[in-house]
Structures are given as structure tokens and as C-alpha cells.
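Enquirer: For reference, the sequence and a predicted model appear below.
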Amino acid sequence: MLHLTTHTRWKWLIWLLALGMVLGASPAQAETTQRQSDAYCVSRSYIERFYPRWFSYEQTRLLGSGNALFGPDRVTPLYGAVVAINVDTLYASAVVEPARQPVILTIPETSVSYSLLTATPFGDVFDSGIPAGQAGTYAITAPDWHGKLPRGTTRITVPYSQSYWIFRADKYASDGQNMTAEAEEFRRNLHMATLSDYRTDPESGPTKIVPEALFAIRYKVIADNLVRYLPISFLRQLQTAMHDPGTPPLTPEDKAVAAKFDRLFGDGRDLSPEEREQFAQGARDGHTQIVDNYLDHTGDTNWVNFRNIGNWAPSAYLDRSSIAEFLQWGNGYPTAAYWHAFKDRSGAALNGAEHGYVLTFPAGALPEVSRFWSLTAYTPEAVTLIPNEADKYAVASYTPGLEWNKDGSLSIYLSRTRPQGVNPANWLPVGDGPFNIMLRAYGPQGAALDGSYVPPAVDVLPIS
């Protein structure tokens, strides 16, 4: 005879009741329940996998036609189009679309250090085929293009109908010399034009320097609010972006997710109230997972660090989406390394209204670089520069007048106002409220390159 404990009897009773509910449900009811479950799962998977495409699609719509280089005339707290913008370099960017005809890129000779990021609309970094720092004239072509190129051009075949090319020219040399004028000359002398325009005028297509106000749209804030308050609208927009011809080819697994989403979601207009709620909740939960995945990617000193930026394994689509949310168009190794802090040593959120802080690098513990390191403070929601009366947005290896402590360490002070007795060069304004800071290493070397480097924790500044 079988003897069951009270706990076991309850487990069997619950299971039998659940089975009875399923068996007692009509086929129509069972199908409805399954559709609602599928709606939640596919919605969540869709946003976790393809979230970056919403950003690149909307940004491209702002910029208009591709195959032209452009850059902001300056970068201040007004700039919001791309999260975590840096103030260390001058930008020249382009959306390259070589499907109809080759695109001619001319890179001038320069004494300025610069880097070129080439990435897909999802943020996957690919090799441009142009040697680092190599001046010349390059013809960017589709793989199936056949024709004759102008003499002196080097063919670069790109397998994407749309890609993003971002030049970053250093405003300061590695020894601290101010090279801003030379960097400005370099980016203005970069040229990009279609083959037909180049044949007409080889000097066509210089970088357009446009007002910073054109970059004031804060896409991250828009995306966050849409997912929170209008998730069906966001899903519809993301679906439109995914069907754009510029979207790169998908993996078989991604294709299956996208096809299932299209089948269940349609255009989002004829969903039942129950299905709408499941799609909405799936989107919200997927977005929460994207944010949490980034913020939880920390070590012992509470700095977020990803070593796979732009080079994600097929299963790391969540990392890719997290980077789009907090560090879109970040460079991959070995160009740069990034550490992002939202908390102090104790794990409390950084907040300029409550504390001043100090970040002290022990002697020899700054990230080793061939170009520069810098520390920048950002607002919490938009991850944009923090307005401040000092008009100061970074403390860096090139900052004039930095003072080291007697033991060889370097202290950087983070506070609303400069603490009494602190050297102005060692102070980074952070505003009156929550904030976060990013440590960059351009041209990482040694431990900063191999992944073993860990920045020191941020400490609350003692009250004197």
C-alpha cells in the first residue's frame, strides 16, 4: 500500500487539479491560453535580441541620406543622440550604403592619433580592412559589385547594405600636447562621396560640421519611456526597423524569433486585450533584463566592464542590447576599454546631493594606455554630460595641472562644488543628484588590455 505524506498529498492534489483544468478546457480556450503565453515569450525574446536596431534605425532617419560624413560642432550637455558621448575626441561619422554604387573614402595624412569604428546596425564591430592610421583613398563596395575604380583607390569590400563608420580624433597627444586644431583639420579633410560624385569632383564630400542642436534628441530616454508606457508602439517601431533593408542578415535562430513575432504580433492593431497585455509585459520584462544585465555586470569594486563589446557570441545578444542602452557605438578591444560606475565602495548609488566622493588611483594603478585615459560624469537616465558652471566634463591624462599625492597616487574628487583645498584640475563636477562615471582607456595596454585591470572603488568624501 502506498503511503503519502501530507505535503506529498497536497502536491499531487494541486497537480491533478491543474491537469483537470487543462483537460476540461475547450480547444478554443486552450489555444487562447497558448497564444497569450507565446505572445509574452516571443515579445521578451524579440526585444532582448533586437533592441539595438531601434536605436540605429531612428538615428539613421535623423541623419537622412547616407554616404556622407558629419560631426557636431561641439559636445556639451545638450548632446543626447548617443549615450555616454566623450569629450576627448572630435567625431566624424557616416552611414555607409554601398549597394547601388561604391563609396569613396579619403583619409588624409595627419600627426593626430585617431581610430575608426566600423559596425553593423546591431553594433557588431567588423574589420574595415583599412590599416590603422593608414592614409589613402578607399573604395567601399558591395561584394557583388563589378566595375572599374579610379586609379589610386584601394577596394574595401563590405558585406552589409548599411554600416556605421565613426572616426574619433584625439584632441590631445599622449604626452598632453593640445592637438585640437590638428584634430579639427583632420576631420574636416576626411572626404566621403559616391563613386559618381567622386568622378565629377575628387574633392567632393568633406565632413559636414553641423550644429550640436541637431544631436539633442535623447533616444535612450525615448526608448525607455516607450517601453514603459507605450510598449505596443515600441514593438511596432522595432518591427518596422527590423524589416528595413539596412538590417543585416540574421542568424537562423534570430530568423525564427523574428518570424514567430511577425506571425503572432501582426502589426499590433488587431490583438485582443489579453494578447496586448502579454506582448506589453514581455517587452517590459525584456527591457528590465537588458538594464539589469548591464548594471549587474560588476566586480569587487562595483565597476561595470564588458570585454566583448562589438564581438558578441551568438548567445550574447543580451550583452549587445545592454551596450546599446548604456554605451552605444563603444569601441571594441584593442581600440578602447571602458569601466562604468553607478555605486560607491559600499554599494550605495552615487548621488551628488548626498555626498562628495573621491576616486584614488594608487601609484602605478592608472590604466596603461598608448593614447589617453579619461574620467567623465553622466546623468542617470539619459547618460549625457552633466551641466555645471565650471563647464568641465572630464579629468584625463591630458588635463593640465593635475597634482599627484606625495605617495604617487592620484585623487580625483567628484562633487557639486570643488572641495576646499582641492586643486581645480583634480575636480570633476557631478551635479546635484544621482550620477554615474565612466573611465575610458584608449589604446589600452598591459592589464587594461588583457582584462585583469580593475579600477579602485569610489569612496565617500569624508566631511572635514
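Expert: Okay, I see it. Predicted, not measured: the structure shown is a model, and the values here were computed from it. Numbering: from 1, shown residues only.

Enquirer: C-alpha from now on. contacts and neighbour counts both.
Expert: OK.

Enquirer: Quick one: name whatever helix or strand follows the host helix or strand of residue 227.
Expert: Using DSSP states H and E, residue 227 sits within helix 219-229. As assigned by DSSP H and E, the chain's next helix or strand after helix 219-229 is helix 231-242.

Enquirer: Buried residues in that following helix, which are they?
Expert: 231-239, 241-242 (16 or more other C-alpha atoms under 10 Å).

Enquirer: same thing with stretch 266-286?
Expert: When neighbours are counted by 16+ other C-alpha under 10 Å, the buried residues of stretch 266-286 are found to be 267-268, 275-286.

Enquirer: next one: stretch 413-425
Expert: Under the neighbour-count criterion of 16+ other C-alpha under 10 Å, stretch 413-425 has 413-419, 424-425 buried.

Enquirer: Residue 248 is in what secondary structure piece?
Expert: Applying DSSP H and E, one finds residue 248 in no helix or strand.

Enquirer: List the contacts of it.
Expert: When contacts are counted by C-alpha atoms under 8 Å, 6 or more residues apart in numbering, residue 248 touches 120-122, 160-162.

Enquirer: any chance of these in CSV, plus distance to residue 148, neighbour count and secondary structure?
Expert: Shown next, in CSV, are those (distance: C-alpha to C-alpha, whole Å; neighbours: other C-alpha atoms under 10 Å; DSSP: H, G, I helix; E, B strand; the rest coil):
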residue, distance to residue 148, neighbour count, secondary structure
120, 27, 24, coil
121, 29, 23, coil
122, 32, 26, coil
160, 21, 20, coil
161, 20, 20, coil
162, 22, 21, coil
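
Enquirer: Out of the residues you listed, which comes closest to residue 442?
Expert: residue 120 (21.4 Å; C-alpha to C-alpha).

Enquirer: who touches the closest residue to the closest one other than its chain neighbours in this structure?
Expert: With sequence-adjacent residues excluded and distances taken as C-alpha to C-alpha, 6 or more residues apart in numbering, residue 120 is closest to residue 163, at 4.7 Å. Contacts for residue 163 (C-alpha under 8 Å, 6+ apart) come out as 95-97, 118-121.

Enquirer: and if you look at residue 405?
Expert: residue 411.

Enquirer: pretty sure it is in a strand, no?
Expert: No - secondary structure of residue 405 (DSSP: H, G, I helix; E, B strand; the rest coil): coil, not part of a strand.

Enquirer: ok so, going back, how far away is the residue nearest to residue 120 from residue 347?
Expert: 39 Å (C-alpha to C-alpha, to the nearest Å).

Enquirer: And for residue 271?
Expert: 43 Å.

Enquirer: Residue 336 now?
Expert: From residue 336 to residue 347 the distance is 26 Å (C-alpha to C-alpha).

Enquirer: more crowded one of the two?
Expert: residue 336 (23 against 13; other C-alpha atoms under 10 Å).

Enquirer: May I have the phi/psi pair for that one?
Expert: Backbone torsions for residue 336, taken as degrees, to the nearest 10, come to phi -150, psi 160.

Enquirer: neighbours of residue 41, just the number please.
Expert: 20.

Enquirer: Now it: closest residue in space that isn't a chain neighbour?
Expert: residue 282 is the one closest to residue 41 (C-alpha to C-alpha, 6+ apart), at 6.3 Å.

Enquirer: so that neighbour makes contact with residue 37?
Expert: No - Residue 282 lies out of contact with residue 37 (C-alpha atoms under 8 Å); the separation is 9.7 Å.

Enquirer: The buried residues of stretch 266-286 into JSON lines, with extra columns for pLDDT?
Expert: Formatted as JSON lines, the buried residues of stretch 266-286 follow (pLDDT from 0 to 100):
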{"residue": "267", "pLDDT": "91"}
{"residue": "268", "pLDDT": "90"}
{"residue": "275", "pLDDT": "95"}
{"residue": "276", "pLDDT": "96"}
{"residue": "277", "pLDDT": "97"}
{"residue": "278", "pLDDT": "97"}
{"residue": "279", "pLDDT": "97"}
{"residue": "280", "pLDDT": "98"}
{"residue": "281", "pLDDT": "98"}
{"residue": "282", "pLDDT": "98"}
{"residue": "283", "pLDDT": "98"}
{"residue": "284", "pLDDT": "98"}
{"residue": "285", "pLDDT": "98"}
{"residue": "286", "pLDDT": "98"}
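
Enquirer: Understood, closing this out.
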